[in-house]
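In: no sequence for this one, just the structure:
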């Protein structure tokens, strides 16, 4: 930025010149050091101890999709935070759930939100859901150098496709590889247990309310077997973050709504500690 621009208080020419609809491309050209993937870490021995977000789950239903997350962040064997937020709106019709290094993941989500907002302002229209999933894939890939040093970010992306009129779910690996999931998906340390739970209970004809109960059951099962995943904490009034995305847009359930669903699951677990049983045939 030129000195005379600073003194007059005017924006630099780069901010007034039409360019790419990608905010990341703009940063790459004007201030590449601000991109998380371009930061250089000093040499170090051993793994870096940083808070990590754990289990995220998603499940679709006729008319939309549910994205949910537990509230625990861990640092090694220690609980770093009990009420972390891991699910964020990306825009009006999509959301991101974060797993992996919490600080970097939250920063990536904020950059992703800016990316989508910038595109809409420049182009005058929203990206397709497929396009949003691809943009997030590019951001994850740019973090690969840090992921190789133990600071990985592996989100779950879900949204309502206004063109296809249905909910869709996308999962990723640390290299930015993207896969569209059918019906349900999970990521994070407890994902294998959550996915197994949903595999036995999921049906394509579930209502929105049943799908919300399904994801809470899955998070409960994950917490039951994975110490890094936090279950509903009635004593502290800490419950899973539950969000729904439909043709009406993104909605985060109020704490009282999440509490009611979590308590109903807990009450049934007093009778069936291992959860509901799927039919054999």
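Out: Looks like it arrived, so ask away. Treat the numbers as computed from the prediction; the structure is a model and nothing was measured.

In: ok, and the closest non-adjacent residue to residue 168?
Out: Of all residues not flanking residue 168 in the chain, residue 161 sits nearest, at 5.2 Å (CB to CB, 6 or more residues apart in numbering). (Each C-beta comes from the backbone N, C-alpha and C, glycine too.)

In: What is the burial count for that neighbour?
Out: For residue 161, the count of nearby residues is 17 (other CB atoms under 10 Å).

In: Tell me where the stretch 101-250 of the chain has strands.
Out: Secondary structure of the stretch 101-250 of the chain, counting by DSSP state E, counting those that start in this stretch: strands at 156-161, 166-172, 178-181, 184-187, 241-246, 249-252.

In: for residue 204, what are its contacts?
Out: 62, 183 (CB atoms under 8 Å, 6 or more residues apart in numbering).

In: Please disregard the earlier target; I meant residue 236.
Out: Counted by CB under 8 Å, 6+ apart, residue 236 has contacts 82-83.

In: Could I get the pLDDT score of it?
Out: pLDDT for residue 236: 96.

In: Need the three-state assignment for residue 273.
Out: Following DSSP: H, G, I helix; E, B strand; the rest coil, the label given to residue 273 is coil.

In: measure it to residue 190 for me?
Out: Between residue 273 and residue 190 the distance is 17 Å, computed by CB to CB, to the nearest Å.

In: Quick check: residue 92 touching residue 250?
Out: Yes: shown here, residue 92 and residue 250 form a contact pair, counting by CB atoms under 8 Å, at 6.3 Å.

In: State the distance from the closest residue to residue 266 other than its chain neighbours to residue 265.
Out: Leaving aside its chain neighbours, residue 266 sits nearest to residue 232 (6.1 Å; criterion: CB to CB, 6+ apart). Separation of residue 232 from residue 265 (CB to CB): 7 Å.

In: what about these two, which has more around it?
Out: The neighbour count for residue 232 versus residue 265, taken as other CB under 10 Å, is higher for residue 232 (23 against 20).

In: if we can go back for a sec, so what sits against both of residue 232 and residue 265?
Out: 216, 220.

In: so where's this protein uncertain?
Out: Counting by pLDDT under 70, the chain contains low-confidence ranges at 1-48.

In: how about the helices of the stretch 1-150 of the chain, start to end?
Out: Counting by DSSP state H, counting those that start in this stretch, the stretch 1-150 of the chain has helices at residues 3-8, 23-30, 102-123, 129-142, 144-147.

In: looking at those, which is closest to residue 244?
Out: Closest approach to residue 244 among the helices of the stretch 1-150 of the chain (CB to CB): helix 129-142, 15.8 Å.

In: Return the residues in contact with the spatially most central residue of the chain.
Out: The centroid of the chain falls nearest to residue 97 when counting by CA atoms, centre = their mean (1.3 Å). The contact partners of residue 97, by CB under 8 Å, 6+ apart, come to 56-58, 67-69, 86-88, 155-158, 187.

In: Of those residues, just say which sits nearest to residue 125.
Out: For these, the residue nearest residue 125 by CB to CB is residue 157; the value is 19.6 Å.

In: Excluding residues flanking it in the chain, which one is nearest the closest one?
Out: Per CB to CB, 6+ apart, closest to residue 157 is residue 170, 4.4 Å.

In: dump the residue contacts of that neighbour.
Out: The contact partners of residue 170, taken as CB under 8 Å, 6+ apart, are 133, 136, 156-158, 178-181.

In: where's it relative to residue 65, distance?
Out: Distance, residue 170 to residue 65, using CB to CB: 11 Å.

In: and for those two, which residues touch both?
Out: Common neighbours of residue 170 and residue 65, using CB under 8 Å, 6+ apart, are residue 158.

In: re the thing from before, who has more neighbours out of residue 92 and residue 250?
Out: Neighbour count, other CB under 10 Å: between residue 92 and residue 250, residue 250 has more, with 21 against 15.

In: Which one (most neighbours) among the contacts of residue 170?
Out: residue 158 (34 neighbours).

In: Let me know whether that residue touches residue 65 as I believe.
Out: Yes: shown here, residue 158 and residue 65 form a contact pair, counting by CB under 8 Å, at 4.7 Å.

In: if I look at those two, which residues touch both of them?
Out: Overlap of the contact sets of residue 158 and residue 65 (by CB under 8 Å, 6+ apart) consists of 58, 167-169, 245.
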